[in-house]
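Student: let's see this in three dimensions:
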Amino acid sequence: MSEFNTLLIEMFKRHLEGFEKLVSVTRLTGGASRLTFKVVTICFGEQKIIALRLNPTDLNTDGLMSHRISPLAEAKIMKAARSAGVPAPNITYILDKKDNLGEGYLMEWMDGESVGSKITRAEEFKRIRPTLARQCGTILARIHSIAVPSNGLDHLLETISPEDFVSRQYESYQSLEVQRPMIDYVAQWLMDNPPQSRPLCLVHNDFRNGNFLIDKKQGITGILDWEIAHIGNPIRDIGWLCTKSWRFGVPGKMVGGFGMLEDLLSAYKDASGSEISSKEIKFWTVFGSFWWAVACLLMEKSYENGSDKNLERPIIGRRVSECEVDCAHILIPGKIDRGVLKIRNSKKRNNEESLLLSSVRDFIKSEIIKNSEGRTKFLGQIARNSLDICIREGQFRAEFNHREKTRLKNLLGCEDQLHQLRSQLISAIKTRKIPLEDESLKAHLRETAFSQILIDQPHYPGATDLIKTTF
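Tutor: Below you'll find the predicted structure:
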């Protein structure tokens, strides 16, 4: 028996009424900042399932999760949310130092589906899907109505204005010293177009498809992952729910890939009395993609610097190109040069390196994924996808870089190395030496974003949407 399981047993003996036996402990997939375990026990002779949430001791707290709240604060928020009619889990115990398990808590196990792609596509949820957007609107209105001071949350949560939110995330991006001019462009647009001012309130801050539990008859039965809640502009939650990364590839359903925006806004107005403008929706969906782009880069960095060696981190870093393409659709829509499509569609013979990568990828698919389940299967799929990206890098990178360098030389009017040209472009965007409205700038950013996603995730809807626009 592992030391972890032994500590769990000792803790259950002290705090779980009727505890007799620990049956199993299973770590669930996902989770950016906390570990979640499904714990099966025997209490009073019957099976009892418990959810355990823990702060990993080796978590990098810079950037993405630097404002993660404590388990105590999270517990208080969920209790307040339940009192306001929000379907939040019931916290049964907050870990103590003598438990030797770190920071965390136990909560009731809630049944339901949380995998976003299944919620948007599975036949069993077909009947309930049309109701989910309205449910989200009602639940968000209840969250935003929670009295912060009377629930003791004002001393536990940070207050973040929209302007601070943008500047902090941009500072986190700049600290990484990476060159993604599209992110700089979006940051400048956000700073130039602040949203309508609203009374600040409790913001869930990660309210999206994938953080709900869904029942095929009732709809939303649980709202999860409150650990980055803050006091801020409530429309942040609306925009995040509608951000394209969380639609799981479903076209036409702006709300989580399962519902319509008008249903969400109508229900929110009915419950809160507040109308939301299209201008606010635009700002907060653009911000959602911007925030997630930087968050992805921070997770990639955490693997690089050794603070979080989770296999998921580097490939999550590649999701930055999704966000860049999504922002291009909203802020700089237009056609792309057909030349980049010719490169993508060209039949290229694999070199020796790509053949080696292909052989390892095929082994992972046929042996590891096929013969595994749970987290091992999940990680096997990540490994396979990572190798696919490496193969496409070998096929396309040199030609895409050549095209990018040529465009930058024409745009900036100078000769230099690619990384130096990128640096000059970023400076020109920040100083407005090249206006954000410049059509040549927009065309360059659009094609660069499209080229990158053809390597990272060629089947992403943002890529296919651009192809449709071009032809």
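
Student: run a quick neighbour tally on the closest residue to Asp99 other than its chain neighbours.
Tutor: Leaving out its chain neighbours, the residue that sits closest to Asp99 by Cβ to Cβ, 6 or more residues apart in numbering is Met11, at 4.6 Å. For glycine as for every other residue, the C-beta is placed from the backbone atoms N, C-alpha and C. Residues near Met11, counting by other Cβ atoms under 10 Å, number 20.

Student: so who does Met11 touch?
Tutor: Contacts here follow Cβ atoms under 8 Å, 6 or more residues apart in numbering; on that basis Met11 touches Leu95, Asp99, Leu101.

Student: helix or strand for it, which one?
Tutor: helix 3-15 (DSSP states H and E).

Student: and after that helix, which helix or strand comes next?
Tutor: strand 19-27.

Student: so which elements touch that next one?
Tutor: helix 3-15, strand 35-43 (3 or more Cβ pairs under 8 Å, 6 or more residues apart in numbering; DSSP states H and E).

Student: need the winner for burial among these.
Tutor: strand 35-43 (a mean of 17; mean count of other Cβ atoms under 10 Å).

Student: direction included, what does it pair against?
Tutor: Paired strands of strand 35-43, with direction, are strand 19-27 (antiparallel), strand 46-54 (antiparallel) (DSSP bridges).

Student: how near is the residue nearest the centre of the chain to Leu28?
Tutor: In the chain, the residue lying closest to the centroid (Cα atoms, centre = their mean) is Trp292, at 5.7 Å. Using Cβ to Cβ, to the nearest Å, we find Trp292 at a distance of 21 Å from Leu28.

Student: all strands for this protein, in order.
Tutor: 19-27, 35-43, 46-54, 91-94, 104-108, 201-203, 212-215, 219-223, 230-232 (DSSP state E).

Student: possible to save these as CSV with distance to Cys136 and mean pLDDT?
Tutor: Formatted as CSV, those follow (distance: least, Cβ to Cβ, whole Å; pLDDT from 0 to 100):
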stretch, distance to Cys136, mean pLDDT
strand 19-27, 28, 94
strand 35-43, 22, 93
strand 46-54, 22, 94
strand 91-94, 23, 91
strand 104-108, 22, 92
strand 201-203, 14, 97
strand 212-215, 8, 95
strand 219-223, 7, 96
strand 230-232, 18, 97
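
Student: a markdown table for these, including distance to Thr464?
Tutor: Compiled in a markdown table, the strands of the chain are given as follows (distance: least, Cβ to Cβ, whole Å):
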| stretch | distance to Thr464 |
| --- | --- |
| strand 19-27 | 34 |
| strand 35-43 | 33 |
| strand 46-54 | 37 |
| strand 91-94 | 43 |
| strand 104-108 | 40 |
| strand 201-203 | 33 |
| strand 212-215 | 27 |
| strand 219-223 | 30 |
| strand 230-232 | 34 |
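
Student: list the contacts for the closest residue to Val166 other than its chain neighbours?
Tutor: Closest residue in space to Val166, ignoring its immediate chain neighbours: Leu190 at 4.7 Å, by Cβ to Cβ, 6+ apart. Shown in contact with Leu190 (Cβ under 8 Å, 6+ apart): Val166, Phe283, Val286, Phe287, Phe290.

Student: tell me how far Leu190 lies from Pro130.
Tutor: Leu190 is 33 Å from Pro130, where distance means Cβ to Cβ.

Student: where does the chain dip in pLDDT?
Tutor: For the chain, the stretches with pLDDT under 70 are 1, 29-33, 56-67, 347-350, 466, 468-471.

Student: change it to 50
Tutor: Where the chain drops to pLDDT under 50, the residues are 59-64.

Student: give me the number of residues near Thr376?
Tutor: Look at Thr376: counted by other Cβ under 10 Å, it has 12 neighbours.

Student: how close does it sit to Lys365?
Tutor: Distance, Thr376 to Lys365, by Cβ to Cβ: 14 Å.

Student: in the longest helix seen in the chain, what counts as buried?
Tutor: Counting by DSSP state H, the longest helix found in the chain is helix 374-412. The neighbour-count check on helix 374-412 (16 or more other Cβ atoms under 10 Å) flags 378-393, 395-396, 399-400, 403-405, 407-408, 411-412 as buried.

Student: other SSEs contacting that helix?
Tutor: Judged by 3+ Cβ pairs under 8 Å, 6+ apart, helix 374-412 is in contact with helix 312-317, helix 338-345, helix 352-363, helix 418-431, helix 439-456.

Student: how about those helices in a markdown table, adding mean neighbour count?
Tutor: A markdown table is the format used below for the helices and strands packed on helix 374-412 (neighbours: other Cβ atoms under 10 Å):
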| stretch | mean neighbour count |
| --- | --- |
| helix 312-317 | 20 |
| helix 338-345 | 14 |
| helix 352-363 | 14 |
| helix 418-431 | 17 |
| helix 439-456 | 22 |
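
Student: take those and write them to a markdown table, including distance to Trp226.
Tutor: Listed next are those as a markdown table, based on distance: least, Cβ to Cβ, whole Å:
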| stretch | distance to Trp226 |
| --- | --- |
| helix 312-317 | 21 |
| helix 338-345 | 41 |
| helix 352-363 | 38 |
| helix 418-431 | 35 |
| helix 439-456 | 30 |
